[in-house]
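Asks: predicted coordinates and the sequence they were generated for:
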Amino acid sequence: RRVREALAGALGLAQLAAGSGAGAAPPARLPSRRTAGRRFGTLRVPLDEAREIARRHGTRVSDVVMCAVAGALRRTVRFPAGEAPRKCRVAVPLMMRAPGQGMEGNHTTAVMVDLPIGPMPERERLAEIARRSRVLRSGTRALAAWFVMRQVGRLMPAPLHARFARAVYGGRFLQGIVSSLPASRERLLLTGVPVTGVYPVVPLAPGAPLAVAALGVDRELCFGICADTGLVDDAGALAAAVREVVRELRDT
């Protein structure tokens, strides 16, 4: 098992290097002025509806979430004439089992995915995202990212580690965060009262203007949206666009 993990880590490091090396194209930037302002929005989508869309299109609920975000960006963000990017690189946080441990623990890593935000039918956008998101399930990139950020980081002096983290976690390498958290399989109670919704709030990465998370609670998929005011004036409009994309996928 250790040999397999070492080989997987080596492959993942090569994949990370190929994706972020000197020969790789830098990620397209969303048209945002870096401000101290934030806009927050929430949205509910029936969990069964999201699951049915994923089943019908042969994808996963996480792909539906990413497609909804990508399509919403296309519909709401004002891109300068002739400068609209065709993709947007986001970090997708993942829970993972640390090497050498038998169970999934509270270990997180992140893998970069390029979301297509150019003009296209939403079903085609979903199919493209499903193809690109396979990197989330291979395990090699996640293992390599975990190794770099945790194991290599521990070998660095604290000031160097901080500088390294600031260099790689921000607008230079990503333009947003999109997280799809596992749905609860049972009804949740808080002091005996049913919990009918939880809206996750994900802080923005430095220089990245968008963070979206979706969490399944009580048969609802609850979205929490955080956006820099330099990206959108109204996060509610972005949330409404997410819902429009989901409806188009449902009706296709």
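Replies: Right, received. Where do you want to start? Numbers count the residues shown, from 1 in each chain.
Asks: please make it C-alpha for all contacts and neighbour counts, starting now.
Replies: Fine.
Asks: quick check, V178 in contact with P209.
Replies: No: counting by Cα atoms under 8 Å, V178 does not reach P209; the two are 11.7 Å apart.
Asks: which of these two has more neighbours?
Replies: Neighbours per residue, other Cα atoms under 10 Å: of V178 and P209, the larger number sits with P209, 29 against 24.
Asks: list the contacts of the residue nearest to that one when sequence neighbours are not counted.
Replies: The shortest distance from P209 to any non-neighbouring residue, by Cα to Cα, 6 or more residues apart in numbering, is to D228 (4.8 Å). Contact analysis of D228 by Cα atoms under 8 Å, 6 or more residues apart in numbering lists 32, 34-39, 209-210.
Asks: looking at the residues you listed, which one is closest to G192?
Replies: Within these, the smallest distance to G192 is 32.6 Å, found for R39 (Cα to Cα).
Asks: low pLDDT regions in this protein?
Replies: 1-27, 82-83, 96-107, 136-152 (pLDDT under 70).
Asks: mind listing the helices for it?
Replies: Shown for the chain, the helices assigned by DSSP state H span residues 2-20, 47-57, 61-76, 122-132, 135-138, 140-146, 153-155, 158-168, 235-251.
Asks: for V195, which of those is the nearest?
Replies: helix 47-57 (15.1 Å).
Asks: now the closest one: buried residues?
Replies: 47, 49-51, 53-54, 57 (16 or more other Cα atoms under 10 Å).
Asks: what lies in contact with it?
Replies: Contacts with helix 47-57, where a contact means Cα under 8 Å, 6+ apart, come from 60-61, 63-64, 123, 127, 216, 219-221, 246, 249-250.
Asks: and that helix, how far out from the chain's middle?
Replies: Taking Cα atoms, centre = their mean, to the nearest Å, one finds the center of helix 47-57 at 19 Å from the center of the full chain.
Asks: please save the CA atoms from that helix in CSV.
Replies: Presented in CSV, the C-alpha positions along helix 47-57 are these (Å, rounded to 0.1, in the frame of the first residue of the first chain):
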residue,chain,number,x,y,z
LEU,A,47,-31.9,17.9,-3.4
ASP,A,48,-33.9,15.3,-5.3
GLU,A,49,-34.0,17.7,-8.3
ALA,A,50,-30.2,18.0,-8.3
ARG,A,51,-29.8,14.3,-7.9
GLU,A,52,-32.3,13.6,-10.8
ILE,A,53,-30.4,16.1,-13.0
ALA,A,54,-27.1,14.3,-12.2
ARG,A,55,-28.6,10.9,-12.8
ARG,A,56,-30.2,11.9,-16.1
HIS,A,57,-27.1,13.5,-17.5
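Asks: how big is the angle separating that helix from helix 122-132?
Replies: 80 degrees (axes from the mean of the first three to the mean of the last three Cα atoms, to 10 degrees).
Asks: ok, the closest residue to Y169 other than its chain neighbours - contacts?
Replies: Distances taken as Cα to Cα, 6+ apart place A205 nearest to Y169, at 6.6 Å, with adjacent residues excluded. Listed by Cα under 8 Å, 6+ apart, the contact partners of A205 are 169-171, 176-177.
Asks: what of V113?
Replies: Listed by Cα under 8 Å, 6+ apart, the contact set of V113 reads 89-92, 132-133, 135.
Asks: the contacts of helix 47-57: which two are farthest apart?
Replies: Checking these with Cα to Cα, the most distant pair is A127 and R219, at 24.8 Å.
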